[in-house]
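Visitor: here is a sequence with its predicted model. Questions after.
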Amino acid sequence: MISALFSSMHTHTLFCDGKDDIETMCRTAYEKKMYAIGFSAHAPITKKTGIKSDWNLSDDRVDEYVSEVLEAKRRWRGKLPVFLGLEVDYIKGLRSAIDSDIKAINTDYLIGSVHFIIPANGAQPFTVDGTHEEFFKGLKEGFAGDAQALMNAYYDAAAEMIAIGGFEILGHADLIKKNCFEKNYWPQESEICRQREIAGAAAEAGITAEVNTGGINRGKISDVYPSKSFLCFLREYNVPLIITADAHCANDIDGNYDKAVQALICADIKEHVIFTGKDNKKAVWKKEKIFY
Ligand SMILES: [Zn+2]
Ligand SMILES: [Zn+2]
């Protein structure tokens, strides 16, 4: 049950809500013999959206972030490929990966992720990635407690994000399960329809999807994002998959990758991909076989 190569392209540092600095993350990736590391700070949102957040990179630290990653890229040249990225929120009507301030940063790659939901009833935006308390407050105030409506709003946002595009990697495609994992909050078939739709849209957009172990690494859930049924649709649509840890500390840089491989095997998927850089503004991926 192995693959010769792994990378860690979804990582957070002290620049956003991570616990370690860029150099510590690079050194750890090197020591673990990873093929590459990519930095994907939560892109700033406050200036653009007015939403306050203590886990996004602040607008006034973007230059510092970029120059620290580029310095690391130079320092590690010949030993470890280091890539500059961002995890960009899609926030309906407010933020997407094609915004000019994002495009102005010359990143190697972008991860597109939905964390925030804008309730249609005008209630406060909230994140589905927060604590149970925040989540259920948002569900009550924004969706009158109708979890299925919230699930649909989440996948609507994911579909819109993919249609708008501008990013290379689809982040934690079923993050909505994080706070709704233990119980049946909606009929399973209703979510499976959305998974199929998102997998088809990802294929059409030519993007790569994550197999993200972040929920396990942070002790929130016991499964990778996305779930087995979703992975099967991604396989059917031939969407390339990249294993990521959503690492918020150096120790988690390849956290639970064995579980990600296991999830791929369970979904009868025989390869994953590694990002190797861009050629003519297009991401280049290296296919890696999973042996079992
Ligand atoms: Zn995320
Ligand atoms: Zn993340």
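Guide: Done, it's in. Ligands and ions are numbered 1, 2, ... in the order given.
Visitor: going by C-alpha atoms from here, please, whenever you check contacts or count neighbours.
Guide: OK.
Visitor: excluding its backbone neighbours, what's nearest the residue nearest the centre of the chain?
Guide: What sits nearest the mean C-alpha location of the chain, by C-alpha atoms, centre = their mean, is Gly171, with 2.5 Å. Leaving aside its sequence neighbours, Gly171 sits nearest to Ser113 (C-alpha to C-alpha, 6 or more residues apart in numbering; 4.8 Å).
Visitor: that neighbour and Asp63, how far apart?
Guide: Distance from Ser113 to Asp63, counting by C-alpha to C-alpha, to the nearest Å: 22 Å.
Visitor: any weak-confidence spans in the stretch 1-150 of the chain?
Guide: Along the stretch 1-150 of the chain, the parts satisfying pLDDT under 70 run over 1-3.
Visitor: now the helices for it?
Guide: With DSSP state H, counting those that start in this stretch as the criterion, the stretch 1-150 of the chain has helices at 22-31, 46-49, 62-75, 100-103, 132-143, 147-164.
Visitor: who's the closest residue to Tyr109 other than its chain neighbours bridged to?
Guide: With sequence-adjacent residues excluded and distances taken as C-alpha to C-alpha, 6+ apart, Tyr109 is closest to Gly85, at 4.9 Å. Counting by DSSP bridges, Gly85 forms beta bridges with Ser40, Tyr109.
Visitor: give the burial count for Asn152, as a bare number.
Guide: Neighbour count of Asn152, defined by other C-alpha atoms under 10 Å: 15.
Visitor: who are the contact partners of it?
Guide: The contact partners of Asn152, taken as C-alpha atoms under 8 Å, 6 or more residues apart in numbering, are 191, 194.
Visitor: Tyr257 and Ala245 touch, don't they?
Guide: Yes: Tyr257 lies in contact with Ala245 (C-alpha atoms under 8 Å); the separation is 7.4 Å.
Visitor: how far is the helix or strand containing Glu204 from where the chain is centred?
Guide: Under the criterion of DSSP states H and E, Glu204 resides in helix 188-205. Offset of helix 188-205 from its chain centre (C-alpha atoms, centre = their mean, to the nearest Å): 17 Å.
Visitor: kindly report the same for stretch 171-190.
Guide: 16 Å.
Visitor: show residues contacting that stretch.
Guide: Residues contacting stretch 171-190 (C-alpha under 8 Å, 6+ apart): 87, 111-115, 128-129, 131-132, 135, 147-148, 151, 154, 158, 209-212, 215, 220-221, 225-227.
Visitor: would you mind measuring the gap between the ends of it?
Guide: 21 Å.
Visitor: now do the buried residues in it.
Guide: Buried positions in stretch 171-190, judged by neighbour count with 16 or more other C-alpha atoms under 10 Å: 171-180.
Visitor: mean confidence for that stretch?
Guide: Here stretch 171-190 scores 90 as its mean pLDDT.
Visitor: got the angle between the helix holding Glu204 and helix 147-164?
Guide: Here helix 188-205 runs at an angle of 10 degrees relative to helix 147-164 (axes from the mean of the first three to the mean of the last three C-alpha atoms, to 10 degrees).
Visitor: the helix or strand following helix 188-205: how far from the chain's middle?
Guide: Proceeding N to C from helix 188-205, the next assigned helix or strand is strand 208-212, under DSSP H and E. For strand 208-212, the separation from the chain centroid amounts to 7 Å (computed by C-alpha atoms, centre = their mean).
Visitor: what residues does strand 208-212 touch?
Guide: For strand 208-212, using C-alpha under 8 Å, 6+ apart, the contacting residues are 168-173, 202, 224-226, 239-246, 260.
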